[in-house]
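*Asks:* sequence first, predicted model second:
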Amino acid sequence: MIEAIAFYCMAAVALTGAVMVVTLRNTVHSALALGLSLAGVAGLFACLGADFLFAGQLLIYVGGIAILIIFAVMLLGRASNLHLRQINQQWAAALLVCAITGAGLWRLVGIFRHTSSSAPATATTRSIGLLMLGDYALPFELISLVLLAALLGAVFFSRKDIS
Amino acid sequence: MNLSLGHYLVLGAALFLIGLFGALTRRNVIGILMSIELMFNAANINLAAFNHYLHPGGVTGMTAALFVITVAAAEVVVGLALVLTIYRNSATAYVEDFHLLKG
């Protein structure tokens, strides 16, 4: 019972934040709502018993990516932007695309509708560490290369032109 | 009442559709980036839920979600650097004004 209450509260936080991200006119408010939605998703990970993923979501998404996006909004925002429409003309077509995709996803969800689990959640950090340095050692090293490339790319694109 | 896998999948699908709608309709390029982050999160919820319900005791799905988080972080860093460069050159953040390559 307590699990259901926690799930519905966290789902409400995540979905409300997501709708605010998409609909709010002020981009700063959108970025703050993104932080809220990401925190709600972190709560859902906790409901699923994924403790390491919960901590990672809070540290990387809420503490890193949301803050980075807020900084970027403040760097390139102008006061006149607050009065402009933020949604383009094609919203009806976008709604149609979303409806078709949603119908397809609904059919897929129906396959798993009654799958339930009674297994208690266990601590996962040790198993994830062993997996990352065992079977997944090569992807683990590759992802560090990806991060290094992203770091260099960000520095390269945002430097001042020397000419 | 017990929660089933369907609850989490419906939530993930709803989050994904909201993100898809935002990515298709937002005019501001940072709004599009934020919507894409929402879609990544929907995929992560699905990965963690499948891990919990179909493979209890395993961690493979959570590890895949961690890789997704890492790639999303790299993507948003490079994306924001590009947006800042474009803003510095053309002084706009709205995607319909990005027509440098238009014939």
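*Replies:* Alright, I've got the coordinates. Numbering: from 1, shown residues only, chains lettered A, B, ... in the order given.
*Asks:* so is stretch A:148-163 next to chain B?
*Replies:* Yes: contact of stretch A:148-163 with chain B (C-beta under 8 Å from any C-beta of the partner chain) involves A:149, A:150, A:151, A:153, A:154, A:155, A:156, A:157, A:158. Yep, even glycine has a C-beta here, placed from its N, CA and C like the rest.
*Asks:* for that stretch, give the mean pLDDT please.
*Replies:* In this model, stretch A:148-163 carries a mean pLDDT of 84.
*Asks:* what comes up buried for it?
*Replies:* For stretch A:148-163, a neighbour-count test (16 or more other C-beta atoms under 10 Å in any protein chain shown) marks A:150, A:154, A:157, A:158 as buried.
*Asks:* now stretch B:40-59
*Replies:* Quick answer for stretch B:40-59 (16+ other C-beta under 10 Å): B:40-53, B:59.
*Asks:* kindly export that stretch (C-alpha atoms) in PDB.
*Replies:* Output in PDB follows, covering the C-alpha atoms of stretch B:40-59 (Å, rounded to 0.1, in the frame of the first residue of the first chain):
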ATOM      1  CA  PHE B  40      15.900  10.000 -22.000                       C
ATOM      2  CA  ASN B  41      14.400   9.800 -18.500                       C
ATOM      3  CA  ALA B  42      11.300   7.900 -19.800                       C
ATOM      4  CA  ALA B  43      13.600   5.300 -21.300                       C
ATOM      5  CA  ASN B  44      15.500   5.100 -18.100                       C
ATOM      6  CA  ILE B  45      12.300   4.400 -16.100                       C
ATOM      7  CA  ASN B  46      11.500   1.600 -18.500                       C
ATOM      8  CA  LEU B  47      14.900   0.100 -18.200                       C
ATOM      9  CA  ALA B  48      14.800   0.100 -14.400                       C
ATOM     10  CA  ALA B  49      11.200  -1.200 -14.300                       C
ATOM     11  CA  PHE B  50      12.000  -4.100 -16.700                       C
ATOM     12  CA  ASN B  51      15.100  -4.900 -14.500                       C
ATOM     13  CA  HIS B  52      13.000  -4.900 -11.300                       C
ATOM     14  CA  TYR B  53      10.000  -7.000 -12.700                       C
ATOM     15  CA  LEU B  54      11.500  -9.400 -15.200                       C
ATOM     16  CA  HIS B  55      15.000  -9.900 -13.800                       C
ATOM     17  CA  PRO B  56      14.800  -9.500 -10.000                       C
ATOM     18  CA  GLY B  57      18.100  -9.600  -8.400                       C
ATOM     19  CA  GLY B  58      20.000  -8.700 -11.600                       C
ATOM     20  CA  VAL B  59      21.500  -5.300 -12.400                       C
END
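*Asks:* so for the top helix by length along chain B, what gets flagged as buried?
*Replies:* The longest helix of chain B (DSSP state H) is helix B:60-90. Applying a neighbour-count criterion of 16+ other C-beta under 10 Å, one finds B:60-67, B:69-70, B:72-84, B:86-87 buried in helix B:60-90.
*Asks:* swap in stretch A:3-19?
*Replies:* For stretch A:3-19, a neighbour-count test (16+ other C-beta under 10 Å) marks A:7, A:10, A:11, A:13, A:14, A:15, A:17, A:18, A:19 as buried.
*Asks:* which one of those is nearest to residue B:8?
*Replies:* Closest approach between the buried residues of stretch A:3-19 and residue B:8, by C-beta to C-beta: residue A:7, at 8.0 Å.
*Asks:* remind me which residues of chain B are low pLDDT?
*Replies:* Scanning chain B for pLDDT under 70 picks out B:1.
*Asks:* which ones are touching the residue most central in space within chain A?
*Replies:* Centroid check for chain A by C-alpha atoms, centre = their mean gives residue A:38 as the closest residue, at 5.4 Å. Going by C-beta atoms under 8 Å, 6 or more residues apart in numbering or on different chains, residue A:38 touches A:17, A:57, A:61, A:62, A:65, A:66, B:37, B:41.
*Asks:* what helix or strand is it on?
*Replies:* Using DSSP states H and E, residue A:38 maps to helix A:27-47.
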